[in-house]
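Participant: My questions are about this predicted structure, shown below with the sequence.
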Amino acid sequence: MDKKYIIGIIIALVVIVGAYMVVAPGSGSKVTIVGSTSVQPVAEKLATGYMKEHPNVKITVQGGGTAVGIKSAQDGTANIGTASKAISANDSQGLTQYTLGQDGVVAIVSPNNNLTGLTKDQLKGIFSGNITNWNQVGGPDAKINVIVREEGSGTRDAFQEIVLGKLSNGTKVSFVSSAIVQSSTQAVQQAVSQDPNAIGFCSFADLGNDTKALSINGISASASTIADGTYTIQRPFLFLVKGDAKGEVKNFIDWVMGPEGQAILTSEKIIKSTNSTNSTK
Amino acid sequence: MTEKTEEKFVKWVLFATGLSSIAIILLIILFIFNEGIPALTSVGFFNFVFGMTWAPSNGQYGVFPMVIGTLGITALALVLAVPLSICCAVFLSEIAPPTMRKILKPTIQGLAGIPSVIYGFFGLVVLVPFMRVHYGGTGFSLLAASLILTIMILPTITSISEDALRSIPMEYKEASFALGATQWQTIKNVLLPAAVPGVITAIILGMGRAIGETMAVIMVAGNVVQIPGSIFDPVRALTSNIALEMGYATGLHYNALFATGIILIGVIIILLLIANYFNYKKRVTIGGGYL
């Protein structure tokens, strides 16, 4: 009927939403962790473990990507930023880095694929589209079905950076455009496991029995080869804190670096590096 | 007096509930446009809609292959689902004996209650390998997505078409039989034409579900940003694009995903207008009113 009703309803809606936003934050100390989507599940496990022992602390873990993690740590919007790659000296200015450990990225094929290993160049050729048939890398005459993760995935970024690398002019080499895109590690594994001509990649920590990891340059991924750095497709998982960690943030990081935190990291297959050039702190 | 205030109160409450649904839609649309417009202006509307490359990391935002993907998946799903559903509806309302109907109808409606991720998983584990073995390629394809959507929209179209058929006055059928028409002639010449508006409504709702479906399509369509050369090629739908990348997107990429939503709304509005036009054209007028 008239405008009064309409205005009344809109105001009521706004008031309800506004009231909810004001009331929602609870009491107690809060720690926010923002950054790499690869670190996110590990950080959530750590947060849950810590909150179980310290019920008055609330830790929220958000994704966004490594770039967001660095930025949030620097401008202070998050207490802890997370990164899933070694960050440049320029980016790390003013930030304290805590290394959780190393995570390997493995190329996976179906168990029905007879191939056991590739060289890094062959892997690059396959994922960038220069090698399209398995017979070019010593397999049967069959088209290679490349399966990748979606744009923005931390694993995709790491794989792209480490395996595909950059062109001489500095731009990233892109994945072959006909690559099938799957939205989760599980979906990639499912797709790879049932197709003998498919190849994909996933985090070493997520490697299951349905798929077979390929050795790269003759070295297969394992806890020891990742730890000593001989398996080269690996990335560090980092916590970034602006300046020195203080208060609850410090307590949390100390707990993570202590025995309980390390136990969780080990069960998540995040591997402590034994290679001194890898560790940042 | 009390009756009058009660009357007023009920009227007001009903008005408020009706209005709140409009308010919610308006707020959502406003929000989507607010978030999406920056991408449209910085990329350029035509570059965005007709651009062929989607590479957010290189700053290229073109959704045209996805518009084609969405339209292709939906069209093929409708082509497959509509004849099946209408036959099914005719069988349920006109031919099936009551006991059979009692079993069939809940079964078909049960299909509508299965979560889409289950359909998607079924597609990923059963349909995709089947298509890979029999038609080559990777198995992830436009056809796989359409087949899954066909099963998903079948119950919607069937049950609404059946309601339309059953709501046709008994006199129509009796008059047709009295003229000596057989059951098939009655169905073909009297019942189906009279039910057309209801059937079109059913198709519109089915189409809405097909176009908006995200999870099942992500799992079986392959999500490659390309204009498919055949129905066996992988495609990416507009909805999949939003769901795939929303988790990580920041800045312009984030706005571009909302802009994808704007394009999706545009596509749906255009399709609804076309469907409603046919609905208007095909309505059956009888004695001043229409069915």
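Facilitator: Yep, it's here. Numbering: from 1, shown residues only, chains lettered A, B, ... in the order given.
Participant: Spell out the residue ranges of the strands in chain A.
Facilitator: Secondary structure of chain A (DSSP state E): strands at A:29-35, A:57-62, A:80-83, A:95-109, A:117-118, A:145-149, A:180-182, A:198-203, A:212-213, A:215-216, A:234-242.
Participant: Out of the ones you listed, which is closest to chain B?
Facilitator: Closest to chain B of the strands of chain A, according to C-beta to the nearest C-beta: strand A:180-182, at 3.7 Å. (Each C-beta comes from the backbone N, C-alpha and C, glycine too.)
Participant: is the closest one anywhere near chain B?
Facilitator: Yes. Judged by C-beta under 8 Å from any C-beta of the partner chain, strand A:180-182 comes into contact with chain B at A:180-182.
Participant: give me every residue that touches residue 243.
Facilitator: Just so you know, I chose chain A. By C-beta atoms under 8 Å, 6 or more residues apart in numbering or on different chains, the residues touching A:Gly243 are A:94, A:96.
Participant: if you could check chain B rather than the one you did, that'd help
Facilitator: B:Ala243 neighbours (C-beta under 8 Å, 6+ apart): A:183, B:214-215, B:218.
Participant: at 7 Å what do you get?
Facilitator: Applying C-beta atoms under 7 Å, 6 or more residues apart in numbering or on different chains, we find B:Ala243 in contact with B:214, B:218.
Participant: what about the residue nearest to A:Asn135 when sequence neighbours are not counted, neighbour count?
Facilitator: Residue nearest to A:Asn135 in three dimensions, not counting chain neighbours: A:Asp141, with 4.7 Å by C-beta to C-beta, 6 or more residues apart in numbering or on different chains. Other residues within reach of A:Asp141, judged by other C-beta atoms under 10 Å in any protein chain shown, total 8.
Participant: now B:Lys8
Facilitator: Using other C-beta under 10 Å, B:Lys8 has 10 neighbouring residues.
Participant: Going by residue numbers, what spans are strands in the stretch 1-150 of chain B?
Facilitator: B:54-55, B:60-61 (DSSP state E, counting those that start in this stretch).
Participant: nearest to chain A, of the ones you listed?
Facilitator: Chain A sits nearest to strand B:54-55 of all the strands of the stretch 1-150 of chain B, at 6.9 Å, using C-beta to the nearest C-beta.
Participant: Can you tell me the strand partners of the closest one and which way each runs?
Facilitator: Strand pairing for strand B:54-55, determined by DSSP bridges: strand B:60-61 (antiparallel).
Participant: What mean pLDDT does the partner strand get?
Facilitator: The pLDDT scores in strand B:60-61 average 89.
Participant: who's in contact with that strand?
Facilitator: B:39, B:43, B:48, B:51, B:53-54, B:256.
Participant: what about the chain, any weak spots by pLDDT?
Facilitator: Because you didn't say which chain, this covers chain A. Low-confidence segments of chain A (pLDDT under 70): A:1-2, A:21-28, A:275-281.
Participant: I was after chain B.
Facilitator: Those would be B:1, B:282-291, if you go by pLDDT under 70 across chain B.
Participant: which bits of it sit near chain A?
Facilitator: With C-beta under 7 Å from any C-beta of the partner chain as the criterion, chain B meets chain A at residues B:15-16, B:19-20, B:23, B:55-57, B:124-125, B:129, B:132, B:138, B:140, B:218-219, B:222-224, B:226, B:234, B:244-245, B:247-250.
Participant: Show me where the stretch 1-150 of chain A has its helices.
Facilitator: All helices of the stretch 1-150 of chain A, identified by DSSP state H, counting those that start in this stretch, fall at A:3-23, A:40-53, A:66-75, A:120-128.
Participant: and the ones you listed as a markdown table, adding mean neighbour count and distance to chain B?
Facilitator: Output for these, formatted as a markdown table (neighbours: other C-beta atoms under 10 Å in any protein chain shown; distance: least, C-beta to the nearest C-beta, whole Å):
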| stretch | mean neighbour count | distance to chain B |
| --- | --- | --- |
| helix A:3-23 | 11 | 5 |
| helix A:40-53 | 17 | 10 |
| helix A:66-75 | 22 | 6 |
| helix A:120-128 | 19 | 14 |
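Participant: near chain B, which residues of the stretch 101-250 of chain A show up?
Facilitator: Close to chain B, as judged by C-beta under 7 Å from any C-beta, the stretch 101-250 of chain A has residues A:145, A:150-152, A:172, A:174, A:177-181, A:183, A:187, A:190, A:194-195.
Participant: So which of those residues are in helices?
Facilitator: A:187, A:190, A:194 (DSSP state H).
Participant: Now do the same contact list for the residue nearest to the first one when sequence neighbours are not counted.
Facilitator: Same thing as A:Ala187. Among residues not flanking A:Ala187 along the chain, B:Met219 sits closest, at 6.5 Å (C-beta to C-beta, 6+ apart). Counting by C-beta under 7 Å, 6+ apart, B:Met219 makes contact with A:187, B:120-121, B:123-124.
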